[in-house]
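Peer 1: structure for the following, please:
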Amino acid sequence: MADYLSLTDAEKRAMLDTIGVDKVDDLFEDIPNKLRCKKLNLPDGKSQQETYAFMRALSKRNRIYDSIFMGAGSYDHYIPSVVKSICSRSEFVTAYTPYQAEMSQGILQAIFEYQTMICNLTGMDVSNASHYSGATAAAEGCIMSADKVKRVVTFDNINPDVMDVLSTYLTARGIELVVLDSVDGKAVLPDDIGIVGAVYCENPNFYGLIEDTTSIAVTCHNNGGKFVLGMNPIAMGLLKSPREQGADIAIGEAQPLGLPMSFGGPYIGFMATTQKEMRKMPGRIVGETVDSAGNRAYVLTLQAREQHIRRERATSNICSNQALCALTVSVYLASVGSEGLRHVAKACTSNAHYLANGLVEKGAKLCFNGEFFHEFVTLTEGKAEEIITALKKENILGGLLIDADTILWCCTEKATKESMDKVIEIVGGVL
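Peer 2: The predicted model follows:
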């Protein structure tokens, strides 16, 4: 719990005197009396001892699993202790998101370092200061590509949460969203798809399969569109960069890079693009320059938000960056390095294939043909729910239950041989 900061009557009086009002209610005199809330429906306050007891009772209702084999957009990776040690420092935790370049050189430099690392990771020329999430980054990437041709094509094998956000964003903008059926779990873009503003694809896709993105990029470009590619950043440790895969815009959820699962957030979306598309990119971009004395300085540049330019020219009004999360990503990447990231990616895919092979030996079947990164789908003869229940009894969080027959499994580098062998044994007992 946070430290308690007292506020005495004398301190309140001093603050009111400083701003020239007699009482707190005077601060709200512009609000009509009939619109003011007379009394909040809140319970009486508790003592500190009672509050601690209440919070401890709540915490005991949480279930902490010994092993986690669920992914589907939120991943349980090992986070080096240095990440929390640095990012929990008060200079970073309390610093406000900068609206003006001179607000905080330290925070601006941290964002600049984040942008640089994202560019190194994706192979792109420029990155913005981040998005709320990978899903909003995907929507923003499609919107910036469909400025002339208001037609976006995607596939039914992308993350369902991303699909929902795409549908909401694009519909509100009057942009047509075309969803194509996947073939054996993978995306296929027909040559005769017609003129498009953008094609959005994920690699690996929601089922964990590695896509043939190069052919999708070629077809997309042949039909006049921009290729927006969503990627798991850990997978970039093994796969070609988005730029090498033909992407014009690279987006994704950066939660695997040092952020805990945290009940679903806050997370951070990344976006990077080419020099050609830079001026269409929404959000903040921090640049490096020199001040009047010739010293290195950081500034907010190409500010495409409605606070900085005319509203009708703003590229987006809902893409404030997640500065503290971006710092966390930077510290994580700096601590593991390029070789460390590659080792993490290798461990993820090795563990996933070990688990998949073990489950197949016990009678499960792989739902799709094709190579996968660290997620895969099994068919379990209508016993998927029974398997998940059996795992929970052993304090193991199994894969995502898609339906009565299908489970989406995930392995990160934290999966041990002992834990995977236990899952294989339990599944074998059910099948």
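Peer 1: report the helix or strand with the lowest average pLDDT across the chain.
Peer 2: In the chain, the helix or strand scored least confidently by mean pLDDT, DSSP states H and E is helix 90-93, which has a mean of 81.
Peer 1: buried set for it?
Peer 2: Neighbour-count burial for helix 90-93 flags Phe92 (criterion: 16 or more other C-beta atoms under 10 Å). In this view, the C-beta of every residue, glycine as well, is placed from N, C-alpha and C.
Peer 1: name the helices or strands packed onto it?
Peer 2: helix 105-122, helix 323-361 (3 or more C-beta pairs under 8 Å, 6 or more residues apart in numbering; DSSP states H and E).
Peer 1: quick check: closest non-adjacent residue to Val329.
Peer 2: Nearest non-adjacent residue to Val329, counting by C-beta to C-beta, 6 or more residues apart in numbering: Leu257, 4.4 Å away.
Peer 1: for Arg36, see how far away that neighbour is.
Peer 2: Relative to Arg36, Leu257 is positioned 45 Å away (criterion: C-beta to C-beta, to the nearest Å).
Peer 1: which one of the two has more residues nearby?
Peer 2: With neighbours defined as other C-beta atoms under 10 Å, Leu257 and Arg36 compare such that Leu257 has more, 30 against 10.
Peer 1: now the more buried one. Its backbone dihedrals?
Peer 2: phi -90, psi 70 (degrees, to the nearest 10).
Peer 1: OK, contacts around it?
Peer 2: Contact analysis of Leu257 by C-beta atoms under 8 Å, 6 or more residues apart in numbering lists Pro233, Ile234, Thr328, Val329, Tyr332, Leu333.
Peer 1: reformat the helices and strands packed on helix 90-93 as TSV; add mean neighbour count.
Peer 2: Shown next, in TSV, are those (neighbours: other C-beta atoms under 10 Å):
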stretch	mean neighbour count
helix 105-122	21
helix 323-361	19
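Peer 1: which one of these has the lowest average pLDDT?
Peer 2: Lowest mean pLDDT within those: helix 105-122, a mean of 93.
Peer 1: got the CA positions of it in CSV?
Peer 2: Extracted in CSV, the C-alpha atoms of helix 105-122 (Å, rounded to 0.1, in the frame of the first residue of the first chain):
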residue,chain,number,x,y,z
GLN,A,105,14.4,16.2,-20.7
GLY,A,106,14.9,13.0,-18.8
ILE,A,107,11.5,11.6,-19.8
LEU,A,108,11.9,12.8,-23.4
GLN,A,109,15.3,11.0,-23.6
ALA,A,110,13.7,7.8,-22.2
ILE,A,111,11.0,7.9,-24.9
PHE,A,112,13.7,8.6,-27.5
GLU,A,113,15.6,5.6,-26.4
TYR,A,114,12.4,3.5,-26.6
GLN,A,115,11.7,4.7,-30.1
THR,A,116,15.3,3.8,-31.1
MET,A,117,15.0,0.3,-29.8
ILE,A,118,11.6,-0.3,-31.4
CYS,A,119,13.1,0.8,-34.8
ASN,A,120,16.0,-1.6,-34.2
LEU,A,121,13.6,-4.4,-33.4
THR,A,122,11.2,-3.8,-36.4
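Peer 1: direction included, what does the helix or strand that that helix is followed by pair against?
Peer 2: Downstream of helix 105-122, the first helix or strand assigned by DSSP states H and E is strand 126-127. Strand 126-127 pairs in its sheet with strand 269-273 (antiparallel), by DSSP bridges.
Peer 1: what's the mean pLDDT across stretch 53-69?
Peer 2: Averaged over stretch 53-69, pLDDT sits at 94.
Peer 1: buried residues, it. List them.
Peer 2: For stretch 53-69, using 16+ other C-beta under 10 Å, the buried residues are Ser67, Ile68, Phe69.
Peer 1: kindly check the end-to-end length of it for me.
Peer 2: From its first residue to its last, stretch 53-69 covers 32 Å (C-alpha to C-alpha, to the nearest Å).
Peer 1: quick one: residues in contact with it.
Peer 2: By C-beta under 8 Å, 6+ apart, stretch 53-69 touches 1, 46, 76, 355, 391, 394-399, 409-411, 414-416, 419, 422-423.
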